[in-house]
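> This is a predicted model, with the sequence first.
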Amino acid sequence: MTTNETDRSPRRPPFHRGRRLRGSAALRTLVRETDLTADRLVLPLFIVPGEGVRRPVASMPGVEQWSVDRLAEEAPALAALGIGGIILFGIPESKDPEGSGAWADDGIVQEAVQAAKGAAPGLLVMTDLCLCEYTDHGHCGILEGDRVLNDPTLELLARTAVSQARAGADVIAPSDMMDGRIGEIRSALDREGFTDLPILSYAAKYASAFYGPFRDAADSAPARGDRRGYQMDPGNAREALREVRADLEEGADIVMVKPALAYLDIIRRVREEIDAPVAAYHVSGEYAAIMAAAERGWLEEAAAMTEALLSIRRAGADFIVTYWARRFAERNI
Ligand code: PBG
């Protein structure tokens, strides 16, 4: 009986041999369709009051809260890593119903921007713009009973945008999901002379369970209720396009989809329908899930995280906001 290879192979060799281009790392690199590089990753940082603070966030291994002075010390190293930029979240000393700390000229984010830009002028500094870290009830706008009021909140957001711009932010990133906020913020910035300051809109932001660890890190969990009255329903895809188009018409320069991994279809649809740059936010819960599995030895951190982030790029995101940006860049160098 003949059992050699030739006898068992088809008469005609396979026409398509995908493996020809998988035979060496060099070939695989040459033909790779999508890249993941540090300059496409933006690192979120949580800034807290005090001095000399660098405090780990329990639910997000590898993530810390920083005081302004420590941020200033660290900024040059972050710039040297070649990451795309940082996005700052502030946790104020005290909170009130309106979130007035958000627009204070000596507010936590304003001071952090100044410190970061002063220490590392070449580092791109974005500011998250929302009231939820600053309100004592933890919602993203002014409350009346259990309802977040849309229009009265707009003016506060615009005020906050202008104060972040004055502090020196390179990009303003509203994450509140109030209707009409991009137009209101754009007009306020223009009125104050910041006509060239770009707006990165969290345009399609879903009411997601994956924000859990962030709310610990930013101390911004709603005291009552949830955010389903203003953030999007996870069942909706077409609505994301309406949100994105509305924000672009109001003057957004970049639109963001958030979360990312559970919404890869949305990233892809926005990429296909919209010409503007598209960002995606790989959120706290998506990060924490992989890090927790890696801590238990169930997943290999670098491989799993790289694959997850690559899927977000492949879906169509031009850049990704991710807590893993720094670890990725450090491994790359
Ligand atoms: C503020 C804001 C949130 C996140 C970014 N900006 C929290 C929320 O909407 O509850 C979440 C980011 C993350 O989970 O990593 N509104």
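Okay, I see it.
> could you say what helices and strands the lengthiest helix in the chain packs with?
Across the chain, the longest stretch assigned as helix under DSSP state H is helix 150-167. Counting contacts by 3 or more CB pairs under 8 Å, 6 or more residues apart in numbering; DSSP states H and E, helix 150-167 is packed against helix 108-119, strand 125-129, strand 171-174, helix 181-191. Yep, even glycine has a C-beta here, placed from its N, CA and C like the rest.
> check contacts around the closest residue to Ser59 other than its chain neighbours.
Spatial nearest neighbour of Ser59, excluding adjacent residues (CB to CB, 6 or more residues apart in numbering): Pro213 at 3.8 Å. Residues in contact with Pro213 (CB atoms under 8 Å, 6 or more residues apart in numbering) are Val57, Ser59, Met60, Ser284, Gly285, Tyr287, Ala288.
> hmm, which helix or strand of the chain has the shakiest average pLDDT?
Here the helix or strand of the chain ranked lowest by mean pLDDT, DSSP states H and E is helix 5-8, holding a mean of 56.
> need the next SSE after that one, C-terminal direction.
Using DSSP states H and E, the helix or strand that follows helix 5-8 in sequence is helix 25-31.
> Of all residues in the stretch 101-250 of the chain, which one is closest to the ligand?
Nearest to the ligand in the stretch 101-250 of the chain, going by CB to the nearest ligand atom, is Phe214, at a distance of 3.1 Å.
> Which pLDDT value goes with that residue?
Predicted confidence (pLDDT) for Phe214: 94.
> Looks to me like Ala279 is in a strand.
Yes. The assignment for Ala279 (DSSP: H, G, I helix; E, B strand; the rest coil) places it in a strand.
> Bridged to it, which residues?
Applying DSSP bridges to Ala279 yields these beta-bridge partners: Met256, Phe319.
> My guess is it contacts Ile320. True?
Yes. The criterion here is CB atoms under 8 Å, and Ala279 meets it with Ile320 at 7.1 Å.
> Dump stretch 322-333 to CSV, restricted to CA.
The C-alpha trace of stretch 322-333 is given here as CSV (Å, rounded to 0.1, in the frame of the first residue of the first chain):
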residue,chain,number,x,y,z
THR,A,322,-6.6,53.1,25.7
TYR,A,323,-5.2,52.6,29.2
TRP,A,324,-2.7,50.3,27.6
ALA,A,325,-1.0,53.0,25.5
ARG,A,326,2.0,53.4,27.8
ARG,A,327,2.6,49.7,28.3
PHE,A,328,2.4,49.2,24.5
ALA,A,329,4.9,52.0,23.9
GLU,A,330,7.3,50.7,26.5
ARG,A,331,7.3,47.3,24.9
ASN,A,332,7.9,48.7,21.5
ILE,A,333,11.0,50.7,22.4
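> quick one: that stretch near the ligand?
No. Using CB under 6 Å from any ligand atom, we find that stretch 322-333 stays clear of the ligand, coming within 7.1 Å at best.
> and the residue of the stretch 101-250 of the chain closest to the ligand, what helix or strand is that in?
Assigned by DSSP H and E, Phe214 falls in helix 212-217.
> quick one: buried residues of that helix?
Buried residues in helix 212-217, defined by neighbour count with 16 or more other CB atoms under 10 Å: Pro213, Phe214, Arg215, Asp216, Ala217.
> for stretch 20-30, same thing?
Buried residues in stretch 20-30 (16+ other CB under 10 Å): none.
> Can you dump the C-alpha atoms of that stretch in CSV for me?
Provided in CSV are the C-alpha atoms of stretch 20-30 (Å, rounded to 0.1, in the frame of the first residue of the first chain):
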residue,chain,number,x,y,z
ARG,A,20,3.4,31.4,1.0
LEU,A,21,3.2,34.8,2.6
ARG,A,22,3.2,33.5,6.2
GLY,A,23,6.5,31.8,6.0
SER,A,24,8.7,34.5,7.7
ALA,A,25,8.3,37.4,10.0
ALA,A,26,9.6,39.7,7.3
LEU,A,27,7.1,38.6,4.7
ARG,A,28,4.2,38.7,7.2
THR,A,29,5.2,42.3,8.1
LEU,A,30,5.4,43.4,4.5
